[in-house]
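Chemist: Structure here, sequence nowhere to be found:
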């Protein structure tokens, strides 16, 4: 069983309606869904450092439909991380509705629909950002997910497909009209991928276009940066993705922006302990990907990362990290 029922009952007694509590928090800092990274252990760590909400990795509606083990493993959660959102992706209305029903039966607080992923394998299936080219289908999917979900539904998307079709404001209005309680906008187009600078003017425009909360995403590099972006655009919160990898303290106003090696090691050891407790079967490659990121920009960091990636097991990584005084 993936879920501890005693923890669920405890959480249900303490977690208020997400729509009226988490999404009304100001300032609102959210961990983005990150494929291969935003697993339970990392979400818990980010929550410990002050993230108001964390979003799971993308979950395939077909993976849920067919009860695929790899997909079901991604649903693992615990009361300590609530409130938590699970992100769903797909392009078939009925299957997305079925998947929403499965997800909302879990002890979660939000379902987020991915309509912004630029990955080719996702786009090829008509999902992710491809849905921005078919707003009518996107609307039907949102309605199906909302209809079949017992928790609030949000939608994450981009500025548009390319710079000739910057439709974020219209897309946000469509999402609101079809039942989304909030939207997250990554201020890049599909054609941008992750290159260039995010255009936060788009976030301002979306905020003016809808009455539901708007979360801005793209190029947030520090807690102070997130506060500045909220002040500039009027958005209700920010979502942080790549900048949180190896730096979960980005969600804390009190933590240093560029901590020393001792601080990083303490955080990494906590991360490893959470993996050992909640996800002991995590592949060593995934653990090393997480661990290596803690030493970006640190003197001697390249050699530390080389040593980490030379280890062959979780235990070996733990032993190597423990060797630092």
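Modeler: That came in fine, so what should we check first? Since the structure is predicted, the reported quantities are computational estimates derived from the model, not experimental observations.
Chemist: and stretch 283-302, which residues are buried?
Modeler: 284, 287, 288, 289, 290, 291, 292, 293, 294, 295, 298, 301 (16 or more other CB atoms under 10 Å). All C-beta atoms are positioned from the backbone trio N, CA, C, and that covers glycine.
Chemist: Compute the distance from the centre of the helix or strand where residue 154 lies to the centre of its chain.
Modeler: Counting by DSSP states H and E, the element that carries residue 154 is strand 153-160. Centroid separation for strand 153-160 versus its chain: 13 Å, with CA atoms, centre = their mean, to the nearest Å.
Chemist: same question, stretch 208-216
Modeler: Worked out by CA atoms, centre = their mean, stretch 208-216 lies 18 Å from the chain centre.
Chemist: One more: stretch 161-170?
Modeler: In terms of CA atoms, centre = their mean, the centre of stretch 161-170 is found 23 Å from the chain centre.
Chemist: Pull the contacting residues for residue 263.
Modeler: 249, 255, 256 (CB atoms under 8 Å, 6 or more residues apart in numbering).
Chemist: Please give me every residue in contact with the second one.
Modeler: This points to residue 255. Contacts of residue 255 (CB under 8 Å, 6+ apart): 49, 223, 249, 263.
Chemist: do the same with the first one
Modeler: Contact partners of residue 249, counting by CB under 8 Å, 6+ apart, are 49, 255, 256, 259, 263, 267.
Chemist: Determine the next helix or strand in the C-terminal direction from the lengthiest helix in the chain.
Modeler: For the chain, the helix that runs over the most residues, judged by DSSP state H, is helix 261-278. Next helix or strand after helix 261-278 toward the C-terminus (DSSP H and E): helix 284-292.
Chemist: All the helices of the stretch 1-150 of the chain, residue numbers only.
Modeler: 5-14, 40-48, 61-65, 69-73, 93-104, 120-123, 135-148 (DSSP state H, counting those that start in this stretch).
Chemist: Quick one: those as JSON lines, columns for distance to residue 238 and mean neighbour count too.
Modeler: Below are those laid out as JSON lines (distance: least, CB to CB, whole Å; neighbours: other CB atoms under 10 Å):
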{"stretch": "helix 5-14", "distance to residue 238": "25", "mean neighbour count": "12"}
{"stretch": "helix 40-48", "distance to residue 238": "13", "mean neighbour count": "23"}
{"stretch": "helix 61-65", "distance to residue 238": "27", "mean neighbour count": "21"}
{"stretch": "helix 69-73", "distance to residue 238": "28", "mean neighbour count": "13"}
{"stretch": "helix 93-104", "distance to residue 238": "24", "mean neighbour count": "21"}
{"stretch": "helix 120-123", "distance to residue 238": "24", "mean neighbour count": "14"}
{"stretch": "helix 135-148", "distance to residue 238": "23", "mean neighbour count": "19"}
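Chemist: Kindly reformat those as CSV containing mean pLDDT.
Modeler: Listed next are the helices of the stretch 1-150 of the chain as CSV, based on pLDDT from 0 to 100:
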stretch, mean pLDDT
helix 5-14, 38
helix 40-48, 98
helix 61-65, 97
helix 69-73, 95
helix 93-104, 98
helix 120-123, 96
helix 135-148, 98
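Chemist: Nearest to residue 79, out of the ones you listed?
Modeler: Minimum separation from residue 79 across those (CB to CB) falls at helix 5-14, 3.6 Å.
Chemist: so where's this protein shaky on pLDDT?
Modeler: Applying pLDDT under 70 to the chain flags residues 1-21, 325.
Chemist: repeat that for 90
Modeler: Applying pLDDT under 90 to the chain flags residues 1-27, 297, 324-325.
Chemist: care to break it down by domain?
Modeler: Domain assignment for the chain, taken from automatic domain parsing, gives 5-250, 261-322.
Chemist: Nothing else from me, thank you.
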